[in-house]
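# Structure of the sequence below:
(2 chains)
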Amino acid sequence: MRERALLSFPLIMFILILPFLWSGLGRDPQELPSALIDQPFPDFSLTDLEDAELTRGLDDIKGKVMLVNVWATWCFACSLEHEMLNELASRGVPIVGLNYKDDRRSANRWLTERGNPYSFNIFDQRGSLGMDLGVYGAPETYLIDADSIVRHRRAGVLDKDIWENEFSKRYETLISSSNEL
Amino acid sequence: MNCDAMKIVSARAIFRSMMIWICCELAFGQSPLIDFSEESLRHRYEKLILELRCPKCQNQNLADSNSPISVDLRRQIHSLLEEGKGDEEIKDYLVARYSKFILYRPVLDRTTWFLWLAPFILILFASAAALIVQRKHEAGSDDFKVENLPISEQDKDRLNRLLSRKDQTF
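The predicted model follows:
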């Protein structure tokens, strides 16, 4: 009988490990934990995409719950989510663009051609703010609160499902809590 | 010149030009692309980019990867080193931005202790199992003693005789 128990030890171990293996199956390995959740948005001083004379800083994104969307014209996935961003903007969701390692002229042309969902765009040609944010590819979308604390981050395309499952509720909660103050 | 000699000459020419090419590769191909103010910084740089993971390509380190983000991160590590930052400071800088994922050598903490301890736990289990098996083997199980076997006395005698020859080679 004890021999039996010993022999079934590997099987028991396997069954114990099974839940971990199972949960790993459904996970997207591209999705990294963000180091910035519940941390303040990093300070920056960069020019505006449309107006090279204008300097944008942390003060420009304070005071309102908003999305910060990292995009570039070289990024194919960004063109996929652009419609969604346009729709969110038309519903009144404030979106600030972070134009990441891009060319100013082609970025502005992109906005004229596809519509401009952004309140304004930060032009981060060298990717310095991107590095402080931990951006490792475009598109990425951050939800920040009125004190410019990062509340949620999505690396990858923001589509309807992801808005509804990940952002919508958090956004509404942040809006209502900032209205109470 | 006959045909064979021509062949030898051209083979030599090819061999020579290949040798020259290989030497050129060795001489110029390895030229450092990044300048450091001190040679010791280069050693630290090379060690760091081997130990840090590319956040985009995931199964490559920064040294191996040519993705844009790796190029940026290598440049950033280079300038941090030149600023006089320590290795731990540089790692902390990157962890603050890209999370602990970026470390190929995970730190021992609440989420990773099991990973670090698992090999030792497994060794413990394995040696315990080995010990138990060894003990059993030495003691010999009663079930397998010759007098307890369900066979005739004659067979038992034969078996004992065979078993007593166990030190001989069969």
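
# hey, let's count contacts and neighbours off CA atoms from now on
Fine.

# which of the residues in the helix or strand residue B:72 falls within are buried?
Assigned by DSSP states H and E, residue B:72 belongs to helix B:68-82. Within helix B:68-82, the residues scored as buried using 16 or more other C-alpha atoms under 10 Å in any protein chain shown are B:69-70, B:72-74, B:76-78, B:80-81.

# go on, stretch A:27-37?
A:32, A:34-37.

# Go back to these and keep what's next to chain B.
With C-alpha under 8 Å from any C-alpha of the partner chain as the criterion, those include A:32, A:34-36 near chain B.

# which one among these gets closest to residue A:3?
Proximity of those to residue A:3 (C-alpha to C-alpha) peaks at residue A:32, which lies at 44.5 Å.

# Hmm, residue A:144 and residue A:154 touching each other?
No - using C-alpha atoms under 8 Å, residue A:154 is not in contact with residue A:144; the gap is 12.0 Å.

# What ranges does chain B have for its strands?
Applying DSSP state E to chain B gives no strands.

# ok, which residues in it are in contact with chain A?
B:55-56, B:58, B:69, B:95-99, B:101.

# Columns pLDDT on top of these, output as JSON lines?
Below are the residues of chain B next to chain A laid out as JSON lines (pLDDT from 0 to 100):
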{"residue": "B:55", "pLDDT": "88"}
{"residue": "B:56", "pLDDT": "86"}
{"residue": "B:58", "pLDDT": "76"}
{"residue": "B:69", "pLDDT": "89"}
{"residue": "B:95", "pLDDT": "92"}
{"residue": "B:96", "pLDDT": "91"}
{"residue": "B:97", "pLDDT": "91"}
{"residue": "B:98", "pLDDT": "90"}
{"residue": "B:99", "pLDDT": "88"}
{"residue": "B:101", "pLDDT": "87"}
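
# could you point out where chain A is predicted with low confidence?
A:1, A:181 (pLDDT under 70).

# Next to chain B, which bits of it? Give me the list.
Residues of chain A lying near chain B (C-alpha under 8 Å from any C-alpha): A:30, A:32-36, A:131-137.

# Now for the closest residue to residue A:84 other than its chain neighbours, how many residues are close by?
Nearest residue to residue A:84, sequence neighbours excluded (C-alpha to C-alpha, 6 or more residues apart in numbering or on different chains): residue A:159, at 6.2 Å. Neighbour count of residue A:159, defined by other C-alpha atoms under 10 Å in any protein chain shown: 14.

# ok, now residue A:95?
Around residue A:95 there are 24 residues (other C-alpha under 10 Å).

# give me phi/psi at residue A:104?
Main-chain dihedrals, residue A:104, degrees, to the nearest 10: phi -60, psi -40.

# Excluding sequence neighbours, find me the nearest residue to it.
Counting by C-alpha to C-alpha, 6+ apart, the residue nearest residue A:104 is residue A:49, at 6.5 Å.

# follow-up on the earlier one: among the residues of chain B next to chain A, which one sits closest to residue A:70?
Distances from residue A:70 to the residues of chain B next to chain A, taken by C-alpha to C-alpha, are shortest for residue B:69, at 14.2 Å.

# Let me see the contact set for the closest one.
A:136-137, B:54-56 (C-alpha atoms under 8 Å, 6 or more residues apart in numbering or on different chains).

# again with residue B:111
For residue B:111, the contact set (C-alpha under 8 Å, 6+ apart) is empty.
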